[in-house]
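J.: Curious how this folds, go ahead:
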Amino acid sequence: MNSQNYVRKKTRSFTSVMILVLGLSLAATANAQSSGTINQMFAFTCTSGSNKDTCPQGARPDIILQGSDGNFYGAAQVTDDGVSDPQGGTLFKLTPTGEFTKLFTFTQDSSGFLNGNNPASGFVEANDGFLYGTTVNGGKQNDGVLFRISKTGTDFKVLHNFCASANCADGSIPDGLLLGQDGNLYGTTEDGGSSVAPCPSSGCGTIFRFEPTTGAFTVLHRLTALADGLNPFGMIQAANGNLYGISQGLNVHGFNEDIFQFTLADKFTVQFKSVPFDLGISGLTQGANGNLYGAFESIGVDDINFFEVSTEGTGFVAFAPFTTLAGTTTIPSLFLASDGNLWDTNFTDSAATMGSVFSINPQNGTVLQTFAFDGSNGHSPLSSVIQAADGSFVGTTELGGTVSGGSNEFADGTVWTLDAGLPTPAPAITLLNSTSGSVGSTVLINGNNFIGTTAVRFNGVSASFQVLNTQFVSATVPSGATTGPVTVTNAGGKATSTQTFTAN
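T.: Sure thing, here's the model as predicted:
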């Protein structure tokens, strides 16, 4: 069946177009597979055709998020499948019980996919209640778009067409978004920006900001190959407020992995450079100890290693090889879960040929648990997991699943859930946007795991609040509040601010 041909959503320009992932095997340190079960929440149904397969719900879903309303939102990368260059895509909502609603379909007219094509990076829920995302292709220049959509799907808008500036100075091929501590959106583009040699003519890539409140799009930095590397991706904002990501560094032997730091005061610094031919293939994650975690491939031996390094670029540790990979591509970023371990998905391995969900010990990289896909619940999980407010994991697979249609219908990807017995995620407070205020004023609380918040208190006094997304809660200073810390409570526990709030 044509749908079984694996087509990766995009490749990095530093490597040849070799996108089939083959022959992965779990490291010998892996424990026996856990008894937990991965359950299909929803399967995307496609219909076989003579020239191509049609997928009106979408197919090959990417990473999803849990919105402030408790529902799950995501993007399916294509609507036309089984062809050499799958196109289109959809945006969708899923209730926790698996009820599917299609919010938007990316369609083509005589001028192309002007609203975008291949939404391969998932959503960010901003403080205004809208969902924001990017597409790899489409738009006026076919170099991708930044878009916004309401949770009902009734309000879709293209906010920026990439490569709209001369020589693509504003970037091209966006890699996704993150919600910053200031409420703005930040992202990278793989290409565009500076094309001054030794950057290729397509450009070395950019870091950009979008301000939802004003609609302003700003290029913050254009990478230059010698000083900064090129093709940035996998960027996060650490607890210290700085942005960290991966770029491909240049050296006399070829490419290597660079880990960069970018401050919002416009200072770009390469914090760490790997040895030649160790190439970054996943985005970064910050662990509970404040260090950064990611993965790289050692070209030549084709080993994949997870690593740990401080935000200063010191103390780099490469864990024992996890898998082998034939052909360089990206793999999902690790996720710090409520058990204190790092979780991820694996495309395929000798013990689980259709892929698995696994956890590793952040201290030494030892594999702790694995949960296998069997095809009926999906296979080929190529996006990282999220942990829902109830403690379960939710993720996607790009292939497989079970549908109950006719003989010409098949499943082309799933949204799945996994109860691995983990505790409910406790909230965490990073900062208060204001450390003083009068009764009735509004305070934005920034942190994580705010979905399902049950109480906000100012020095013990209950306050009215609104959960804006998993990173922000808006609270009203209550009558009777006194000077002291702010707390946020959910089913997983209580977080206390390190900052003192002064009640005026």
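J.: any idea of the mean pLDDT for stretch 106-115?
T.: In this model, stretch 106-115 has a mean pLDDT of 94.
J.: Would you confirm that Leu279 belongs to a strand?
T.: Yes - Leu279 sits within a strand when classified using DSSP: H, G, I helix; E, B strand; the rest coil.
J.: And it, what's its pLDDT?
T.: We note a pLDDT of 88 for Leu279 in this prediction.
J.: Can you give me the neighbour number for it?
T.: 22 (other CB atoms under 10 Å). Any C-beta I mention is one placed from the backbone N, CA and C, and that applies to glycine too.
J.: Any buried residues in stretch 476-490, and which?
T.: Thr476, Val477, Pro478, Ala481, Gly484, Pro485, Val486, Thr487, Val488, Thr489, Asn490 (16 or more other CB atoms under 10 Å).
J.: now the first one, which residues is it bridged with?
T.: In this structure, Thr476 has beta-bridge partners Thr442, where bridges are defined by DSSP bridges.
J.: Repeat that for the fifth one.
T.: In this entry, Gly484 is beta-bridged to Phe501, by DSSP bridges.
J.: how close does it sit to Asn459?
T.: Computed as CB to CB, to the nearest Å, the Gly484 to Asn459 distance reads 3 Å.
J.: Name the residues contacting each of those two.
T.: Counting by CB atoms under 8 Å, 6 or more residues apart in numbering, the residues touching both Gly484 and Asn459 are Phe501.
J.: hey, C-alpha coordinates of stretch 414-421 in PDB?
T.: What follows is stretch 414-421, C-alpha atoms only, in PDB (Å, rounded to 0.1, in the frame of the first residue of the first chain):
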ATOM      1  CA  THR A 414      -3.000   7.900  15.300                       C
ATOM      2  CA  VAL A 415      -3.300   9.900  18.500                       C
ATOM      3  CA  TRP A 416      -2.600   7.600  21.400                       C
ATOM      4  CA  THR A 417      -2.600   7.600  25.200                       C
ATOM      5  CA  LEU A 418      -0.500   5.700  27.700                       C
ATOM      6  CA  ASP A 419      -1.100   5.400  31.400                       C
ATOM      7  CA  ALA A 420       2.400   4.500  32.700                       C
ATOM      8  CA  GLY A 421       1.400   4.900  36.300                       C
END
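J.: What residues sit buried inside that stretch?
T.: For stretch 414-421, by 16+ other CB under 10 Å, it's Thr414, Val415, Trp416, Thr417, Leu418, Ala420.
J.: Now intersect those with the strands, please.
T.: Thr414, Val415, Trp416, Thr417, Leu418 (DSSP state E).
J.: Contact partners for the third one?
T.: For Trp416, the contacting residues are Ile38, Asn39, Gln40, Met41, Phe373, Asn377, Gly378, Val394, Gly395, Thr396, Thr397, taking CB under 8 Å, 6+ apart as the criterion.
J.: what comes up buried for stretch 146-162?
T.: Those would be Leu146, Phe147, Arg148, Ile149, Lys151, Gly153, Phe156, Val158, His160, Asn161, Phe162, for stretch 146-162 by 16+ other CB under 10 Å.
J.: Would you mind measuring from the fifth one to Asp412?
T.: What it means is Lys151. 25 Å.
J.: again, but for the second one
T.: The gap separating Phe147 from Asp412 is 23 Å, by CB to CB.
J.: related to what we said a few turns ago, ok, of the buried residues of stretch 414-421, which one's closest to Phe233?
T.: Val415 (23.9 Å; CB to CB).
J.: where does that closest one sit relative to Ala43, distance-wise?
T.: For Val415, the distance to Ala43 - CB to CB - is 8 Å.
J.: now the helices for the stretch 201-350 of the chain?
T.: For the stretch 201-350 of the chain, helices defined by DSSP state H, counting those that start in this stretch occupy the ranges 225-228.
J.: pLDDT weak spots in it?
T.: 252-254, 323-329, 348-350 (pLDDT under 70).
J.: hmm, 50 instead?
T.: Along the stretch 201-350 of the chain, segments meeting pLDDT under 50 span 326-328.
J.: Distance-wise, check the nearest residue to Glu312 once chain neighbours are set aside relative to Asp228.
T.: In space, and not counting its chain neighbours, Glu312 is closest to Gln271: 6.4 Å by CB to CB, 6 or more residues apart in numbering. To Asp228, Gln271 is 12 Å away according to CB to CB.
J.: Find the residues that touch each one of those two.
T.: What both Gln271 and Asp228 touch, as defined by CB under 8 Å, 6+ apart, is the set Phe260.
J.: Compare these two (neighbour count), which wins?
T.: Asp228 (25 against 18).
J.: Who are the contact partners of the residue nearest to that one when sequence neighbours are not counted?
T.: Nearest non-adjacent residue to Asp228, counting by CB to CB, 6+ apart: Phe268, 5.7 Å away. Taking CB under 8 Å, 6+ apart as the criterion, Phe268 is in contact with Ile207, His221, Leu223, Ala227, Asp228, Phe260, Gln261, Phe262.
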